[in-house]
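A.B. asks: Show me the folded form of this:
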Amino acid sequence: MSVARPLLLAVALATSPLALHAAAPVSEQAVVAHYAELVYANYSDALNAARELQQAVQSFVTAPSEAGLIAARKSWLAAREIYGQTEAFRFYAGPIDDENGPEGRINAWPLDESYIDAVKGQPQSGIINDPQVTISAESLSALNEKDGEENIATGWHAIEFLLWGQDFDPNGPGSRSYKDFVDAPNAERRRQYLSTVTDLLVRDLATVTEAWAPHAKNYRAAFVAEPPRDALKKILVGLGSLSRAELAGERMEVALDNRDQEDEHSCFSDNTHRDIVSNALGIRNVYFGRYVRADGQVIEGPSVNALLAAKDAKLATRLGKALDHSVGRAAAIHAPFDREIVDDAGRARVKATVDALKAQTTDIVQAAKKLGISSLNVNG
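C.D. replies: Residues are numbered from 1 along each chain as shown. Alright, predicted model coming up:
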């Protein structure tokens, strides 16, 4: 891989935008325009990382080996570090998750493994072991979430399952053998499936990235042409919804309450703790209008923080510190997450992150009111 992305994310975690400079007054229109630039940069990085994953997968399926499988896994993990930050751009019917958006094909979960492939006790289960099902981008797209929301056939987590397999290790991730792609039943179809879903992920991310490209007749052009207050509301809905309903709620509280591995986000790779960090960082990125690109370039400009500081400096400071705190709490969660949700000390760490996210969501709603947005639905 060309970039050590987890290291770059660690640098971003250690650098609080709150401490970098005092906010200067900006216009709503400037904040909206800069947000669009930040979104495009983040999606572009996610697309490039997915293409690196695509190359690693193609190399692996062409000549399966243990080293090739490990390389593909590393590429998946690196790409997730970047993609997780883009989750802050959802929840307002933008190009990722409007009624025609590809989000369900990209990041849907939880995943019923037996819908895709053989699992323990069910050696004939799954699309891969059903020769009557043609494996193609079109057929897998049609099968995704068909007859049940856990019938996930595509996206990050389908790829994750194929690369790691089921996770039976209480202290580590799944350990699928590369031989599953060589001499196991339907190995050729397994290789074809992995290659096809990875190609589809790249295609879908390219579509979303193009929707935010500058100087084009696309979603971005319409977004920046909206009344600035309307676009600003969408930005804040994205932040608040990810913070409370999605990250604190669906991705953490459910697993915490149920103590069930099946409720964690990236359960096959044991990468859930990193998903949580990157999601929390994505919220902070947007609020401060600051994103560290995969190559280390810093995208920075007019921010919600600056806009709020002009209205209520105390609230702006409090919210900024709350965002720093939640990122820090998320980073303190230990791996693997499925052990954290059953261990007393681990549960305390997860609960502290949930509480931090809830607290910052309250401040996000108050910030919206200060900015003239009276109603902000962030509860899903």
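
A.B. asks: Surely residue 184 and residue 178 touch.
C.D. replies: No - counting by C-beta atoms under 8 Å, residue 184 does not reach residue 178; the two are 10.0 Å apart. Any C-beta I mention is one placed from the backbone N, CA and C, and that applies to glycine too.

A.B. asks: Please put the alpha-carbon coordinates of the helix or strand where residue 142 lies into PDB.
C.D. replies: According to DSSP states H and E, residue 142 maps onto helix 137-143. Taking Å, rounded to 0.1, in the frame of the first residue of the first chain, the C-alpha atoms of helix 137-143 are listed here in PDB:
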ATOM      1  CA  ALA A 137     -22.800  -7.100 -10.200                       C
ATOM      2  CA  GLU A 138     -26.400  -6.900 -11.300                       C
ATOM      3  CA  SER A 139     -27.500 -10.200  -9.700                       C
ATOM      4  CA  LEU A 140     -25.800  -9.500  -6.400                       C
ATOM      5  CA  SER A 141     -27.200  -5.900  -6.300                       C
ATOM      6  CA  ALA A 142     -30.700  -7.400  -6.800                       C
ATOM      7  CA  LEU A 143     -30.100 -10.000  -4.100                       C
END
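
A.B. asks: helices and strands around that helix, which ones?
C.D. replies: Under the contact criterion of 3 or more C-beta pairs under 8 Å, 6 or more residues apart in numbering; DSSP states H and E, helix 137-143 touches helix 187-211.

A.B. asks: quick one: contacts of the helix holding residue 142?
C.D. replies: Identification of contacts with helix 137-143 by C-beta atoms under 8 Å, 6 or more residues apart in numbering yields 105, 127, 133, 151, 153-154, 193, 196-197, 199-200, 203.

A.B. asks: Mark which of those residues are buried, thanks.
C.D. replies: For those, a neighbour count by 16 or more other C-beta atoms under 10 Å gives the buried set as 105, 127, 133, 151, 153-154, 193, 196-197, 200, 203.

A.B. asks: Give me the most central residue, the chain.
C.D. replies: Residue closest to the average C-alpha location in the chain (C-alpha atoms, centre = their mean): residue 84, at 2.7 Å.

A.B. asks: Can you verify that residue is assigned to a helix?
C.D. replies: Yes - the assignment for residue 84 is a helix, going by DSSP: H, G, I helix; E, B strand; the rest coil.

A.B. asks: Just to check, it is in contact with residue 280?
C.D. replies: No - Residue 84 is beyond contact range of residue 280, at 9.0 Å (criterion: C-beta under 8 Å).

A.B. asks: before we move on, back to that, which among the buried ones among the contacts of helix 137-143 gets closest to residue 76?
C.D. replies: Distance to residue 76, by C-beta to C-beta, is smallest for residue 197 among these, at 11.7 Å.

A.B. asks: which residues touch that closest one?
C.D. replies: Applying C-beta under 8 Å, 6+ apart, we find residue 197 in contact with 140, 153-155, 158-159, 162.

A.B. asks: ok, 10 Å please
C.D. replies: Residues in contact with residue 197 (C-beta atoms under 10 Å, 6 or more residues apart in numbering) are 57, 105, 116, 135, 137, 140-141, 144, 153-159, 161-162.

A.B. asks: Mind checking which of those residues are buried?
C.D. replies: 57, 105, 116, 135, 140-141, 144, 153-159, 161-162.

A.B. asks: so how far is the helix holding residue 142 off the chain centroid?
C.D. replies: 22 Å (C-alpha atoms, centre = their mean, to the nearest Å).

A.B. asks: Likewise for stretch 147-166?
C.D. replies: Mean-position distance between stretch 147-166 and its chain equals 15 Å (C-alpha atoms, centre = their mean).

A.B. asks: for stretch 244-260, same thing?
C.D. replies: Its chain's C-alpha centre and that of stretch 244-260 lie 15 Å apart, by C-alpha atoms, centre = their mean.

A.B. asks: What of stretch 235-248?
C.D. replies: For stretch 235-248, the distance to the chain centre is 13 Å (C-alpha atoms, centre = their mean).

A.B. asks: got it, and stretch 105-120?
C.D. replies: The chain centroid and the centroid of stretch 105-120 are separated by 17 Å under C-alpha atoms, centre = their mean.

A.B. asks: Show the residue spans covered by the helices in the stretch 1-150 of the chain.
C.D. replies: Taking DSSP state H, counting those that start in this stretch, the helices of the stretch 1-150 of the chain run over residues 5-14, 28-62, 66-83, 103-107, 137-143.

A.B. asks: any chance of these in JSON lines, with distance to residue 222 and mean pLDDT too?
C.D. replies: Formatted as JSON lines, the helices of the stretch 1-150 of the chain follow (distance: least, C-beta to C-beta, whole Å; pLDDT from 0 to 100):
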{"stretch": "helix 5-14", "distance to residue 222": "30", "mean pLDDT": "49"}
{"stretch": "helix 28-62", "distance to residue 222": "10", "mean pLDDT": "98"}
{"stretch": "helix 66-83", "distance to residue 222": "24", "mean pLDDT": "98"}
{"stretch": "helix 103-107", "distance to residue 222": "19", "mean pLDDT": "97"}
{"stretch": "helix 137-143", "distance to residue 222": "26", "mean pLDDT": "98"}
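
A.B. asks: got TSV for these, with distance to residue 361 too?
C.D. replies: TSV is the format used below for these (distance: least, C-beta to C-beta, whole Å):
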stretch	distance to residue 361
helix 5-14	20
helix 28-62	19
helix 66-83	22
helix 103-107	21
helix 137-143	33
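
A.B. asks: Appreciated, that's everything.
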